[in-house]
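S.K.: Attaching a predicted model along with its sequence, questions to come.
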Amino acid sequence: MAEGPHSENPMQEFADLRRGAAPALSPELQALIDRRDRALGAGSMLFYDEPLHIVKGEGVWLIDADGRRYLDVYNNVPHVGHSHPRVVEALTRQASTLNTNTRYLHETILDYAERLSATFDDPLSTAVFVCTGSEANEVALNMARRLNGGRGVIISDWAYHGNTAALLQTCGIMPESNRGPEVETVRVPDLYQPAYDLTGDALIDAYVDEVRRAIEKLEARGIELAAFLVDTIFATDGVPDVPPEYIRRVVDLVHEAGGLYIADEVQPGFGRTGDTMWGHQHYGVVPDIATMGKPMGNGHPIAGVVATEELITRLVSELYYFNTFGGNPVSCAVGMAVLDVLEEENLMENARQVGEYLRGGLRELAQEHELIGDVRGRGLFNAVEFVEDRESKKAAGKKTRQIMNAMRRRGVLIGLDGRRGNVLKLRPPMPFSRENADQLVETLGAALGDL
């Protein structure tokens, strides 16, 4: 059975696990870190025991101040590749012509809204633009609460949806003391580390019952359900292989209780899963509201919310929502270029093919290393879970951090996640190739050897 969160302050414990013991740093690097602490606040998170000073990005590569190239297997923000020339050209062309707020008519904004909305299934047809994923989820939550009447929100118990005041209360990864009476958490199905000593339909039943109980708990406090808010790849939960049946049954429960299904597509969206454009499409359920962020502008700050025309119209007319810079002409030109590159370079199919190839290589590696407990994922969003032994499945959190840092030393950048801090999260830019996958697997094998 799966272990629960580490402590009352899981975020602190997780940060400690990521930091580890800092090695001796060069005087130049230490001076830069000291300067950063003064300018941005001491304790601001940095990746790896030995932080990187990155000065350039190209495709799937990041380059440090000494000219060393690192294979980027972490960043889903430069979705179509770091510094993609098509995106850069679109940005500079529009920026040299016009950039202003969104309360003027502009065809590029309309072209992008129509094109983006067309990638969703009916009845989702209308968009509103913001600047960040946090803003997108804040808007979606506000829509569900103020337009639908309820206040209660159900989230997964290790979720992260953003850092606004309201969203921090709806993030399972934050300490429980952050959450108020309007929020209930549930565990999502983890077929590798199940929370119940059950299998098959009985296991799914048990997880669905958690949602039913969460609704009942809210109702017992006099709180009507507003929304079920989930990241459709469950990234911070460790990318578990969630059965589509679970989502379909949960959404039925949510709708029966008067709530809306909000699909957080900030990480799995824009074809990353390979088989579908949006993560929620894997489950065969159309959300009431979908949110997007990071990859949307390849690093440029644009995010969005797509919903029915009725909901968006009510948002802007009844709640008087506007965003000065969200969806400005430059941002929309960038967004259009990202969609162009996705189509013209066939990156969704690349994600499907290379992701399948990568998982095959990782599973072959698992035959040589008992530390690898599970390999899972879809497209170019994958996870490798490390355990001390495969029988007990005890989390190998410290070793996972050691592996992450060993790979950084060998020129491959990767991150870790999951409630027990023992999952390597693989989400490279979409042009990631078979050759890049081979380098990743070979480097992971070498890092395992370092242990």
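M.R.: Thanks, I have the structure now.
S.K.: Which residue comes closest to Ser134 once chain neighbours are left out?
M.R.: Nearest residue to Ser134 in three dimensions, chain neighbours excluded: Gly162, at 3.2 Å (Cβ to Cβ, 6 or more residues apart in numbering). (Glycine included, C-beta is placed from N, CA and C.)
S.K.: in a strand, that's where that neighbour is, yeah?
M.R.: No: read with DSSP: H, G, I helix; E, B strand; the rest coil, Gly162 is coil and lies in no strand.
S.K.: list the contacts for it?
M.R.: Going by Cβ atoms under 8 Å, 6 or more residues apart in numbering, Gly162 touches Thr132, Gly133, Ser134, Glu135, Asn137, Glu138, Leu168, Cys171.
S.K.: redo that, cut-off 10 Å
M.R.: With contact set as Cβ atoms under 10 Å, 6 or more residues apart in numbering, Gly162 has these partners: 132-138, 141, 168, 170-171, 264, 266, 291, 293, 303.
S.K.: I'd like to know how far the spatially most central residue of the chain sits from Asn346.
M.R.: The residue lying closest to the centre of the chain (Cα atoms, centre = their mean) is Gln267, at 3.2 Å. The gap separating Gln267 from Asn346 is 21 Å, by Cβ to Cβ, to the nearest Å.
S.K.: which residues of the stretch 301-450 of the chain fall in helices?
M.R.: Along the stretch 301-450 of the chain, counting by DSSP state H, counting those that start in this stretch, helices occupy 309-318, 329-344, 347-366, 397-409, 434-450.
S.K.: so how far is stretch 182-200 from its chain's centroid?
M.R.: When distances are taken as Cα atoms, centre = their mean, to the nearest Å, stretch 182-200 is centred 20 Å away from the chain's centroid.
S.K.: List the buried residues of that stretch.
M.R.: Residues of stretch 182-200 classed as buried: 182-190, 192-196 (neighbour count, 16 or more other Cβ atoms under 10 Å).
S.K.: Dump that stretch to CSV, restricted to CA.
M.R.: C-alpha atoms of stretch 182-200 as CSV (Å, rounded to 0.1, in the frame of the first residue of the first chain):
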residue,chain,number,x,y,z
GLU,A,182,-14.0,24.6,1.3
VAL,A,183,-11.4,22.1,0.0
GLU,A,184,-11.3,18.3,0.2
THR,A,185,-8.5,16.1,-1.1
VAL,A,186,-8.7,12.6,-2.6
ARG,A,187,-6.1,10.1,-3.6
VAL,A,188,-6.1,9.2,-7.3
PRO,A,189,-5.5,5.7,-8.5
ASP,A,190,-1.9,4.6,-8.4
LEU,A,191,-1.8,1.1,-9.8
TYR,A,192,1.9,0.7,-8.9
GLN,A,193,1.5,1.9,-5.3
PRO,A,194,-2.2,1.4,-4.5
ALA,A,195,-3.6,2.9,-1.4
TYR,A,196,-5.9,-0.1,-0.9
ASP,A,197,-5.2,-3.8,-0.7
LEU,A,198,-7.5,-4.4,-3.7
THR,A,199,-7.3,-5.0,-7.4
GLY,A,200,-9.4,-4.5,-10.6
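S.K.: Quick check: which ranges of the stretch 301-450 of the chain have low pLDDT?
M.R.: Along the stretch 301-450 of the chain, the model assigns pLDDT under 70 to no residue.
S.K.: Restrict stretch 388-405 to CA atoms and write it as PDB.
M.R.: The C-alpha coordinates for stretch 388-405 follow below in PDB (Å, rounded to 0.1, in the frame of the first residue of the first chain):
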ATOM      1  CA  GLU A 388      14.800   0.200  -2.300                       C
ATOM      2  CA  ASP A 389      13.400  -3.200  -3.200                       C
ATOM      3  CA  ARG A 390      10.600  -4.300  -5.600                       C
ATOM      4  CA  GLU A 391       8.900  -6.400  -3.000                       C
ATOM      5  CA  SER A 392       8.200  -3.800  -0.300                       C
ATOM      6  CA  LYS A 393       8.300  -0.900  -2.900                       C
ATOM      7  CA  LYS A 394       9.900   1.300  -0.200                       C
ATOM      8  CA  ALA A 395      10.700   4.700  -1.700                       C
ATOM      9  CA  ALA A 396      14.300   5.400  -2.500                       C
ATOM     10  CA  GLY A 397      14.000   9.200  -2.200                       C
ATOM     11  CA  LYS A 398      17.600  10.100  -1.300                       C
ATOM     12  CA  LYS A 399      18.900   7.800  -4.000                       C
ATOM     13  CA  THR A 400      16.600   9.400  -6.500                       C
ATOM     14  CA  ARG A 401      18.100  12.800  -5.700                       C
ATOM     15  CA  GLN A 402      21.600  11.400  -6.000                       C
ATOM     16  CA  ILE A 403      20.700  10.000  -9.400                       C
ATOM     17  CA  MET A 404      19.200  13.400 -10.500                       C
ATOM     18  CA  ASN A 405      22.500  15.100  -9.500                       C
END
